[in-house]
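Participant: With the sequence up front, the predicted model follows.
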Amino acid sequence: MMLEMKVSSRTRAVWIAGMAVLLLAGLLISGTGYRHGLPYIDYPDEMTIWTMGRATIDPTWPMFQPQYPPGLLFVSATIQRLQEAAGTGYPDPSGTVGIMRLTSVFAYCVTLLLIMLAGCRMAGIVASLVAGVCWIVLPLANAQAKLATIDAWVCMWFMASVVTGVEGWMRRSAGWIASSLILAIIATLFKWQAAAALGVAGLAYLSLWKSNRRLMFVLMAGYVVIVGLFSYWVVFVHKALEGGVYLPGTQTNAPTLASLLINLNFQVTQTGSALVFGVLPIIGLSLAAVLPEARRDLLYRSMLWSFPLIIIAFNAIIAFNGAPVFARHYLAANGLLAIGTGIAITLILDATQKFAVRWKLPSRAVMAVTTLILIAALAVPMLDMLRETFAMNAELSRPDRRTVFAAWASATATDGALLITDPTVDAALQTLYGYQGRPLERPYNQGTSVYVREEQITPELLAARGIRYIVTSPGFDVQRLGVPITRLIAYDSDEVYRGTPWGAFYVGDLPPMHTDTPTVFSGGGDEVELVGESISKLAVCRGESAEMRLVWRALRTPTRYYSMFVHFADAQQGELSLPINGQPPAMEARPTLTWNRPDELIISPTSTLTIPADLVAGSYEVWLGLYEPVSGDHLLLPDGKHYVRLATLEVRPC
C-alpha cells in the first residue's frame with residue numbers, strides 16, 4: 001500500500017523542502033547554548049569523559065572507570081591529540097569539550113535525518129515529517145545534543161544500525177545487513193544498551209529465507225560467531241557487567257520481568273510526552289497489525305514488527321543497572337518511538353480516507369476534520385515539549401555566574417586567602433579550566449574533590465589558615481560564627497545569569513559604616529556612595545604616616561572612570577593638594593566602570609597618608625572627593641560640596 005504509492009515530483013519536492021526546514025530547525029534548536037558554562041564545564045560527565053580520554057594517551061591520568069564504553073573515550077583522546085598537534089601544549093578540557101559538544105550537535109542532526117528517512121521509507125512522507133518533528137521537540141534529545149557525552153553519539157549509531165538493517169530486510173541485501181551489524185557494534189562501543197541493535201541484523205537475515213536459504217544459513221552462522229566473540233569481549237574482557245560502568249562503586253543486577261516492565265513504562269511515559277512517545281506508537285503498531293494492507297506492507301515488508309523486540313531488548317540491558325535509571329539512558333530508543341508516532345498518524349489518516357470512500361462520505365471534509373482532531377490532540381504535548389526546550393535554550397544561553405566570580409575574585413579579593421565551599425564555583429579559579437587571572441591563595445581548596453562544607457566552617461578553622469574571604473551560598477548564616485563577617489556581594493536569583501549561586505563574605509573588622517546619613521557623590525546620572533571609612537591615627541608627627549581604608553558602593557553604575565583625592569585643609573593655607581591625588585577609589589583592577597551592582601560592597605586596599613616633613617604643625621581637616629581626571633569634573637554631595645570631611649588630623653612637630 002504505502003510503499004507502492006506513486007509520489008509525484010511536486011510531492012517529492014515538498015518532502016525534500018520539509019526535511020530541509022526540519023534539519024535547519026533541528027540544527028538551530030540543538031546548537032543554541034551549546035557553549036554553556038565553558039570554560040568551566042558544568043556537567044560532571046563531560047569532565048569524566050575528558051579525564052578518561054586523557055588517560056588513554058597519558059598514563060599519569062588514572063582510568064578510574066575501566067568498564068566504561070570506550071567509543072567516546074576514543075573520540076575524546078583523538079581530539080586531545082589533534083589539539084596537541086595544533087600546538088596547544090597543555091591539557092585543555094574546555095577546548096576539547098567545546099569541540100565534542102559540536103560533534104554532539106552534528107550527531108543529533110544526523111539522527112534527525114535518519115529518523116525522517118526511515119519514516120519515509122517505511123510509511124511515506126507524512127510519517128517522515130511527523131517523526132522528525134517529534135525528535136526536534138523532544139527536550140531530552142536537545143539537552144543531550146549540547147553535551148560532550150555519549151548519548152547523542154549512541155543515538156546516531158543506533159539509529160543508523162536500525163535503518164540499514166530495515167533497508168537490508170526490504171532489499172534482501174546481505175551487504176546492507178552486514179552494514180547494520182557493523183554499525184550496531186560501533187553503537188555498542190558507545191553505550192552497552194545499544195547492543196539491542198545487534199539483533200536487527202540477525203532478524204534481517206531471515207528475509208533471505210525464500211530467495212537464498214543456503215546463503216541465509218551461512219550468513220547467520222557468521223553472524224552468530226561475530227556477535228558471540230564481540231559479546232565475550234564486552235562481558236568478559238571489558239567486564240561491562242561487573243558494575244561501575246556509569247557510576248564508580250555501583251553493582252549490576254540480573255534483569256527481572258519487574259525491572260524490565262518498570263523501564264519500559266519509564267521509556268514511554270517519562271522520557272517525553274506519554275501521548276507522543278507512548279500511546280501513539282502503540283496505536284501505530286496495533287493498526288499495522290490489524291489493517292490488512294498495513295500488515296502486509298508495513299508490519300512485515302518494512303520490518304516494523306522488529307521495533308518492539310528491539311525496544312524490549314534495549315530496556316532489558318538497561319535493567320542491569322536498575323529500574324528506572326537516568327532518563328538519558330533511554331534516549332536512543334526514542335528515535336524508534338518517534339518513527340512509530342509518524343506511522344500512527346499516517347495509518348490513522350489512511351484508514352480515515354478509506355472509511356470515507358467506503359461509506360461515500362465527502363473525503364476531503366472527513367480528512368480535514370481528522371487532521372484538525374490530530375493537530376488538536378498533539379498541539380498541547382508538542383507545544384509543552386517545545387516550550388521546555390526553548391526555556392532550556394534560553395537558560396543555557398545566559399552568561400555563567402562562575403565567569404563573574406572569576407573576574408570578581410581576581411580583581412577584588414586582594415586582602416588575603418579565600419575559602420570556597422562549592423567545587424563547581426572553585427573551578428572558575430583553576431587553571432585546568434582556563435583561569436588566567438591573578439593567582440589566589442585557597443588553602444582549603446587544593447585538588448578538585450576535597451572541600452570544606454558550609455556547616456564545617458568555624459572561627460578556629462578561619463583563623464588557622466588566615467581566611468579573609470568566604471565564598472559559599474548567598475544565604476550563609478554569618479551570625480552563628482560570632483566573629484565579624486560582612487557580605488560583600490551575592491549572585492543568587494538574578495535572571496541575567498545561570499549556574500551555581502554564590503556569595504562572597506569578608507572575614508574581619510571593616511571601617512565604621514555610615515548608618516544615619518549616607519555620603520553620596522553624584523553627577524551626570526552617576527551615584528557613588530562612601531559607605532564607611534577609617535584612619536588609623538588622628539594624631540601624627542611630621543614625616544610619619546597614617547593608614548586609611550574605605551568602603552564604597554555604586555548606587556548607579558558609573559559611566560566614567562573616576563579617581564579620588566584626599567587633601568588636607570586648614571583655615572590659614574586652605575586646601576592642600578596632598579597627600580593623595582588621582583588614586584583609584586578602590587583597586588586598579590576595579591575601576592568605577594565595573595561597579596555595576598548596587599548591593600556590592602567594595603573594600604579599598606589600605607592607603608597610606610604620608611605627612612610631609614615640612615608640613616606646618618596644626619589641625620587639618622581630611623577631605624575626600626571623586627572626579628573624572630580628564631575633564632576635571634567633580635561628583636558633588638547633596639549640599640553642593642565636592643568633598644566630604646573624613647576627620648580632623650593633628651600634625652605635631654615631634
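Facilitator: On my side now, so go ahead. Residues are numbered from 1 along each chain as shown.

Participant: all contacts plus neighbour counts: C-alpha atoms, from now on.
Facilitator: Fine.

Participant: low-confidence ranges in the stretch 101-250 of the chain?
Facilitator: 244-250 (pLDDT under 70).

Participant: Now do the helices in it.
Facilitator: 125-137, 139-144, 151-171, 174-190, 198-204, 213-232 (DSSP state H, counting those that start in this stretch).

Participant: So for Ile470, which of these sits nearest?
Facilitator: helix 139-144 (33.4 Å; CA to CA).

Participant: What residues sit buried inside that closest one?
Facilitator: Neighbour counts over helix 139-144 (16 or more other CA atoms under 10 Å) mark 139-144 as buried.

Participant: same deal with stretch 354-369?
Facilitator: Quick answer for stretch 354-369 (16+ other CA under 10 Å): 356, 363, 366-367.

Participant: likewise stretch 258-278?
Facilitator: 259-269, 271-278.

Participant: same thing with stretch 479-499?
Facilitator: Buried residues in stretch 479-499 (16+ other CA under 10 Å): 485-492, 497-499.

Participant: Between the two ends of it, how far is it?
Facilitator: 27 Å (CA to CA, to the nearest Å).

Participant: now it: how far from the chain's centre is it?
Facilitator: 23 Å (CA atoms, centre = their mean, to the nearest Å).

Participant: just stretch 612-627 next, same as before
Facilitator: 55 Å.

Participant: before we move on, the earlier item: out of the buried residues of stretch 354-369, flag the one nearest to Leu304.
Facilitator: Of these, the one sitting nearest to Leu304 (CA to CA) turns out to be Met367, at 25.3 Å.

Participant: ok, the closest one - contacts?
Facilitator: 349, 352-353 (CA atoms under 8 Å, 6 or more residues apart in numbering).

Participant: Would you format the residues you listed as CSV with secondary structure included?
Facilitator: Shown next, in CSV, are the contacts of Met367 (DSSP: H, G, I helix; E, B strand; the rest coil):
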residue, secondary structure
Leu349, helix
Thr352, helix
Gln353, helix
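
Participant: Tabulate those residues in CSV, adding columns for neighbour count, distance to Glu167 and pLDDT.
Facilitator: Putting the contacts of Met367 into CSV (neighbours: other CA atoms under 10 Å; distance: CA to CA, whole Å; pLDDT from 0 to 100) gives the following:
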residue, neighbour count, distance to Glu167, pLDDT
Leu349, 19, 25, 95
Thr352, 18, 28, 94
Gln353, 18, 28, 92
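
Participant: Return the member of those residues nearest to Val425.
Facilitator: Leu349 (53.8 Å).

Participant: surely the closest one meets Ala368?
Facilitator: No: when contacts are counted by CA atoms under 8 Å, Leu349 is not listed as touching Ala368 (9.7 Å).

Participant: can you pull the buried residues of the helix or strand where Arg549 lies?
Facilitator: In this structure, Arg549 is located in strand 545-556 according to DSSP states H and E. Using 16+ other CA under 10 Å as the test for burial, strand 545-556 gives 545-546, 548-556.

Participant: Alpha carbons of it, in PDB - could you do that?
Facilitator: What follows is strand 545-556, C-alpha atoms only, in PDB (Å, rounded to 0.1, in the frame of the first residue of the first chain):
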ATOM      1  CA  SER A 545      52.100  58.300  58.000                       C
ATOM      2  CA  ALA A 546      48.600  57.000  58.800                       C
ATOM      3  CA  GLU A 547      46.600  54.200  57.200                       C
ATOM      4  CA  MET A 548      43.200  54.800  55.600                       C
ATOM      5  CA  ARG A 549      40.600  52.300  54.500                       C
ATOM      6  CA  LEU A 550      37.400  53.000  52.500                       C
ATOM      7  CA  VAL A 551      34.200  51.100  51.700                       C
ATOM      8  CA  TRP A 552      32.300  52.000  48.600                       C
ATOM      9  CA  ARG A 553      29.100  51.200  46.800                       C
ATOM     10  CA  ALA A 554      27.700  52.400  43.400                       C
ATOM     11  CA  LEU A 555      24.000  53.100  43.600                       C
ATOM     12  CA  ARG A 556      24.100  53.600  39.900                       C
END
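
Participant: so which of the buried residues of stretch 354-369 comes closest to Glu395?
Facilitator: Met367 (40.4 Å).

Participant: Tell me which helix or strand the closest one sits in.
Facilitator: helix 363-396.

Participant: For that helix, buried residues please.
Facilitator: In helix 363-396, counting by 16+ other CA under 10 Å, buried: 363, 366-367, 370-371, 381-382, 384-386, 388-390, 392-393, 395-396.

Participant: Over to stretch 416-430?
Facilitator: Of the residues in stretch 416-430, those buried (16+ other CA under 10 Å) are 417-422, 424-430.

Participant: Now, those residues that are in helices?
Facilitator: With helices defined by DSSP state H, the entries of the buried residues of stretch 416-430 inside them are 424-426.
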